[in-house]
Structure formats: C-alpha cells, structure tokens
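Trainee: next comes the sequence, and after it the predicted model I'd like to discuss.
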Amino acid sequence: MTNLTRASSPGSAPTVQRRADGSGLLDALRAAHRGAPALTALAPEGYARDHAAFEALSDQRTLIAAHLTSRLAARASGPVAVLSVGCGDGSLDAQVALAAVDVVPERAVRYVGVDPYVGSTTAWTGAMAALGRASLSAEPLVATFAAAPITGSFDVVTFVHSMYYVPDVAVALRAAYDLLEPGGELLVLSGPRGVLNALTDVLAPPVAGHRQWFSEDVAGALVEAGLAAEPTVTLAARLDLAGASDRVLDFTVQGRLTPQLRPLVREYLAAVARTDPAYDGPRVPHPVDVHRVVRAA
Ligand SMILES: C[S@@+](CC[C@H](N)C(=O)[O-])C[C@H]1O[C@@H](n2cnc3c(N)ncnc32)[C@H](O)[C@@H]1O
C-alpha cells in the first residue's frame, strides 16, 4: 500500500493527497469526472466478455461456487428446483447444477436461468447441456427478472452479482421470496461498497436512471420488504488488477473509461491494493456478501 503526498505549488497541476485507503485519489477521480458526460455504458456483449476476464483475476468465483454447492448439498433428498436470476454464461451455475444433480444419483433438478442478454442465456444453455446429465432440466428465459414469465416454485433462488441492476431491490426481493417453496432459500450475493465498488459509485453510468445497488442496499431493502435475513456471510476474495487490460478496467468501473480517467483509476487501484501475507499481493480486496432468507416451512 502506498501513502504519498504530492506537494502543491502555485500554478502547478491540482494536487492529490494519496492516503492509504485511496480516498484522496477517489476525490481526484470525482473532481476529474465532475461535469463530464456519463461514461458510455458497457454493451451486453462486451460486458459478458469483460466480466469473464475480470473474474479470471480473482478467487471470488471459486469461493462462490464452493458456497453455493454446499448449500445445494444440504438439500440431499428429493427433486430440487433452482432459479438463477442474472444467470450470465453458466460458468458458475453449471458447477452448482452438477453438485445439485450428483449429490443424489438420478435426482431430478429443474434449473431456470433468467437473463436479459440472449448471448448469456445461449452460453448458459450450452454450459448446462455440456454437463450431460439427463436428470437436469435447464430452462433459459431471456428477460429481466421483472418481465420474466417464471412458472412454478423453487427450493433455491439466487441472484449472483445481479441485484445491482434491478429497478427496485425491495420489490425484487419480495417477488423472489414469493417464488420460494416453504423451506426454500433466497441467496443474494452482492459486493459491499468497499474500495472496489467505491470506484463504481463514482464512475459508473446510471442503470435505467438509478445507481447500482450494493450489498448495503440489499440489507436495507430486506428490512423494507419485511424479510428476515440470517446473519450476512462475507466471502473474502482477492483480485489482482496489477496488469489488468483496459477492458477489464472498464468492467471494474462498469463503464468505458476515458484516456483522462484511466491512469487515475490505475493509480487508485495500486494505492488500495494490499501486499500483506493474507493477500499474497498486491491484490485488491474483492469481498462478496451473501444475504440468505429462508421461507418458513
Ligand atoms: C455480473 S453478471 C453475473 C452473471 C452470473 N450470475 C455469474 O455470476 O456469472 C450480471 C448479470 O445480470 C444480468 N442482468 C442485468 N440486469 C438484469 C435484470 N434486470 N434481471 C435479470 N438479470 C439482469 C446481466 O445481463 C448479467 O448477465
């Protein structure tokens, strides 16, 4: 971690106080972006591609896959139905589906994947088919959660990094809860507003008129929706952005960076990267919170 101060002198470029938490650099980014047009949003195809490249630099997916498969393994009898909202390309859901199927040989698993981007649902369907499990029924729905024609009820509903984009978190939580079987569980995995998402907060263009919703927003919306969640579990992942490509950097801030902003973003990420032994660094903290609500049996 760096902790430098650039001296200012009359007529020199604006000074940046670089504190250990990068807050001076965040202020500099805020100032550099103030009054400028919103960054161009990531189009779905580029979003999906750059998301995959971003996740390859983190151990978070491994932690999420282990967490979700352990939840499915706890449902060790009978058929099971899973709804994945914002399912993406299936690289995660295929691992979860495999665990759900194989924990009980020949057990019927219904897996529904909802995503508004057809490129993702097509990849998701392919990833599920590649598992080659006859007892797995994979049903893609190309739609936002609010518009998806979802039928039936579910033992598990997941939102893995997709709650950021819904128009109203409390409404989405309540709708997801209503799709649960008695004893079913809703799992919402979202990043907290830490050093990484502080960047998104400052730079990401609005999604359909709202900022992205983080884990803290989910916690508040659970209360608003009258849903009692279990204590939040945090999966403490680490992200290596030291040599990240420009596209991965764009995914990190959730918008196409300008040549003016990109060096500041790299500087900020270098400042907040940790090098202590737990980080085997330099790596940026990349935690994800798991909010879990169980419907009364
Ligand atoms: C960060 S990706 C996560 C994908 C997948 N869950 C994973 O972890 O690999 C977020 C996904 O949410 C989808 N998404 C965006 N808005 C959505 C909405 N309103 N309803 C459902 N999915 C949405 C995006 O298309 C994208 O595939």
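Mentor: Arrived safely. Residues are numbered from 1 along each chain as shown.

Trainee: Arg71 in helix, strand or coil?
Mentor: helix (DSSP: H, G, I helix; E, B strand; the rest coil).

Trainee: neighbours around it, how many?
Mentor: 18 (other CB atoms under 10 Å). For the C-beta atoms, the positions are set from N, CA and C on the backbone; glycine is no exception.

Trainee: so how far is the ligand from it?
Mentor: Using CB to the nearest ligand atom, to the nearest Å, we find Arg71 at a distance of 15 Å from the ligand.

Trainee: that residue reaches Leu189, doesn't it?
Mentor: No. Taking CB atoms under 8 Å as the definition, Arg71 is not a contact partner of Leu189, at 11.1 Å.

Trainee: near the ligand, which residues of this structure show up?
Mentor: 51, 85-88, 91-92, 114-117, 120, 144-145, 160-162, 165-166 (CB under 6 Å from any ligand atom).

Trainee: give me that answer again for 8 Å
Mentor: Counting by CB under 8 Å from any ligand atom, the chain comes close to the ligand at 44, 47-48, 51, 55, 61, 64, 84-93, 114-117, 120, 143-146, 148, 158-162, 164-167, 189, 207.

Trainee: where does pLDDT dip in the stretch 51-200 of the chain?
Mentor: Within the stretch 51-200 of the chain, the set of residues satisfying pLDDT under 70 is empty.

Trainee: show me where it has its strands.
Mentor: 80-85, 109-115, 136-142, 154-160, 180-190 (DSSP state E, counting those that start in this stretch).

Trainee: need the pLDDT of Ser8.
Mentor: Looking at Ser8, its pLDDT is 33.

Trainee: how about Ser12?
Mentor: Ser12 is given a pLDDT of 35.

Trainee: got it, and the one 10 residues further on?
Mentor: Gly22 is assigned 84 on the pLDDT scale.

Trainee: what of Met1?
Mentor: Reported pLDDT for Met1: 31.

Trainee: need the strands of the stretch 51-200 of the chain in CSV (columns: mean neighbour count).
Mentor: Putting these into CSV (neighbours: other CB atoms under 10 Å) gives the following:
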stretch, mean neighbour count
strand 80-85, 25
strand 109-115, 25
strand 136-142, 19
strand 154-160, 25
strand 180-190, 20
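
Trainee: so for Ala31, which of those sits nearest?
Mentor: strand 180-190 (28.0 Å; CB to CB).

Trainee: each with direction, which strands does that closest one pair with?
Mentor: strand 154-160 (parallel), strand 288-294 (antiparallel) (DSSP bridges).

Trainee: Pro79 is in contact with Val104, isn't it?
Mentor: No. Counting by CB under 8 Å, Pro79 does not reach Val104; the two are 9.1 Å apart.

Trainee: of those two, who's got more company?
Mentor: Comparing Pro79 with Val104 by other CB under 10 Å, the one with more neighbours is Val104, at 17 against 14.
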